[in-house]
Structure formats: structure tokens, C-alpha cells
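Novice: Sequence first, then the predicted structure:
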Amino acid sequence: MRKGAILMSIPGLIFAAFLIYLLALNVYFSLLNWSLFNLRPTFAGLSTYQTLFSEYFFNLAVTHTIVYTITAVAIGNILGILGAGILYFIKSNTRRAIYLSVFLYPLAVPSSTYAITWQWLFNPQTGINLILRVFHFPNIIWLTTQPTIYAGMIIIETWAYTGLAVLFFLASFMSVDKSIIEAAKIDGANNFYLLFRIILPNSMNGFIVSTALLFLFSFRIFTVPFTIGGPTNPNMMSLVEYIYILFSTEYFSLSSALSSLVALIAAIVIIPYAILGLKKWVFRR
């Protein structure tokens, strides 16, 4: 059994070693002074990071990414709980599967495809504004000012990623001991009470998984702001998009420094989650 486990872990260990090597190489490049204006790299140390932190577009990208991430995690978890709660109380497994597929459908659509679709929907003369005019609401000039850009990105992220939260919350809800729920029903508890006082407190695993994945998906967002705004529009630029811009303009050390920071932040989030998952679901006896 132990030999089999070791053999099964070899591909993962090889991949992990290769990944660590690439990360270390990236950190090394970030300590150099290497760009279009300095094609012979020289050691610069942490001054590359100091230059990065002083960049206006870096601070702009950090602000955008923080807003995208916090709103995606908060709104995604709230809607995930509500959506999973509705699906949980559906008696028919067939109907539940059909409705769940509606939530998961955005995950099957390429991000570049739905970015273009949402760009059309945000057109001031068509799309969403047509519906607003029917109900006599004022038109919104989407994606022009910072508040409308944030609103548009939040709408897109909510549509794209909420299905993840619904899926993991529903899976967690379905694993709750049915005897506890039946006892509460006998005592006269309604569905609202069951969801928020019994099912949800016993479904923290779903909350942990949902939060971690929503964070990672929103934190590394690239295609949507790049497709809608383009590389010349800084008003919706994310950190990952800024990495691409730095690299494509041949600021190699700065792009390596920023990608190292993004990898570090992602590791800080995902490693505790992985350790918790190993303790709760792999090594638990």
C-alpha cells in the first residue's frame, strides 16, 4: 500500500518540483535590471520591487483587483448560499440537476466569448438599456466612469462565478446529517430556519472551498478587462493584465516581480486551504 502511494505521488512531486523551479527562476529575474532599455541584465536586488510599488499603473491595478476580488467573494458567497438553498429544498433530483446546470452554464462559456457578449449588452443604445427604457428607468452609460466600470465588472463576475459557489454549497448542504434536519422539521422548523440555523452552520466546508475558489478566479482575472477595455485602457486593468502589459512592453524584471507577488498572494490563500483539506478529508479517520 505504501509503495503504491509513493508511486502514485511521483508525477505530482515531479510537477511540483518543476513548478518550484519556475517560480524560483521568476524570482531571480525579478532581482535583475532587465528591460528594453537595459538588454544586458544586471543585479538590482529589491530596487525592482521599489520601482514597481511606485508605479501609478501598479497602484491602479491593485485597487481594481481588490474591488473585483472582494465583491466577487462577498456577492458570490451570498448568492451561492441562496441558490444552493433553493436547489436543496427541491424534491426532484432531475429538476435540481436541470436548475443546477443553469448556474454552471457560464463556467462552460469561454471568457473571451462572454466578455464580448457583455460588451454588447453594455452598449448605451442596445442591450440592458433597452430593458431599462421599457420600465422608464434612466439610461446608464456603462463602462465610461469608474463607478459604472466597477458595476459592469461586478455584474460580469457575478454571472460568471456564482455557479461555483452554488455547486460547492449545494454539495456541502447535501452532506449534512439528514437526521438533524428531520428532527428540526418535527419541531416545526420552516425552510428558512433550516437553511440558516441548521444546514449552513454545518456546511463550513462549502464556505471554505467557495471562498478560496472565488478569490482565485477573481484575483487572476485577465480576459474580461483585456477584451472589453483593451491594453490601452487602464480604467479596468487588473494585476494579471498589468503583468502582460509589462512583459509585452519588455519590462521583464518588473513583470517578473509582479508575477512573483501574485504567485505569493495566491499561495498564501491556497496553501492553508490545501492543508485544511488534507486534515479534514484525507487524513481524517
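Specialist: Cool, got the structure.

Novice: center of the chain - which residue?
Specialist: Among the residues of the chain, the one closest to the centroid is residue 217, at 2.0 Å (Cα atoms, centre = their mean).

Novice: Please name the residues that touch that one.
Specialist: 72, 160, 161, 164 (Cβ atoms under 8 Å, 6 or more residues apart in numbering). For every residue, glycine as well, the C-beta is placed using N, CA and C.

Novice: would you turn those residues into a markdown table with secondary structure and neighbour count?
Specialist: Output for the contacts of residue 217, formatted as a markdown table (DSSP: H, G, I helix; E, B strand; the rest coil; neighbours: other Cβ atoms under 10 Å):
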| residue | secondary structure | neighbour count |
| --- | --- | --- |
| 72 | helix | 25 |
| 160 | helix | 22 |
| 161 | helix | 24 |
| 164 | helix | 20 |
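
Novice: Could you identify the most distant pair in those?
Specialist: Spanning the widest gap among the contacts of residue 217 are 72 and 164, at 10.0 Å by Cβ to Cβ.

Novice: what do the two both touch?
Specialist: In contact with both residue 72 and residue 164: 214, 217, using Cβ under 8 Å, 6+ apart.

Novice: Could you check how far the residue lying closest to residue 167 once chain neighbours are set aside is from residue 164?
Specialist: Using Cβ to Cβ, 6 or more residues apart in numbering and skipping the chain neighbours, the partner closest in space to residue 167 is residue 104 (6.4 Å). In this view, residue 104 and residue 164 are 8 Å apart by Cβ to Cβ, to the nearest Å.

Novice: How are the helices of the stretch 1-150 of the chain distributed by residue range?
Specialist: For the stretch 1-150 of the chain, applying DSSP state H, counting those that start in this stretch gives helices covering 2-30, 47-53, 56-88, 93-108, 111-121, 128-134, 146-174.

Novice: contact partners of the second one?
Specialist: Contact with helix 47-53 is made by 30, 31, 32, 33, 58, 59, 253, 254, 256, 257, 258, 261, as judged by Cβ under 8 Å, 6+ apart.

Novice: tally of neighbours for the second one?
Specialist: When you say that, I think you mean residue 31. 19 (other Cβ atoms under 10 Å).

Novice: Can you tell me the closest non-neighbouring residue to it?
Specialist: If the residues on either side of it in the chain are set aside, residue 31 comes closest to residue 45, at 5.8 Å by Cβ to Cβ, 6+ apart.

Novice: pretty sure the one you found contacts residue 30?
Specialist: No - in this structure residue 45 lies outside contact range of residue 30 using Cβ atoms under 8 Å: 9.9 Å.

Novice: So for those two, which residue has more residues nearby?
Specialist: Neighbours were counted for residue 45 and for residue 30 using other Cβ under 10 Å; residue 30 has more, 24 against 11.

Novice: mind listing what the more buried one touches?
Specialist: By Cβ under 8 Å, 6+ apart, the residues touching residue 30 are 48, 49, 253, 256, 257, 259, 260.
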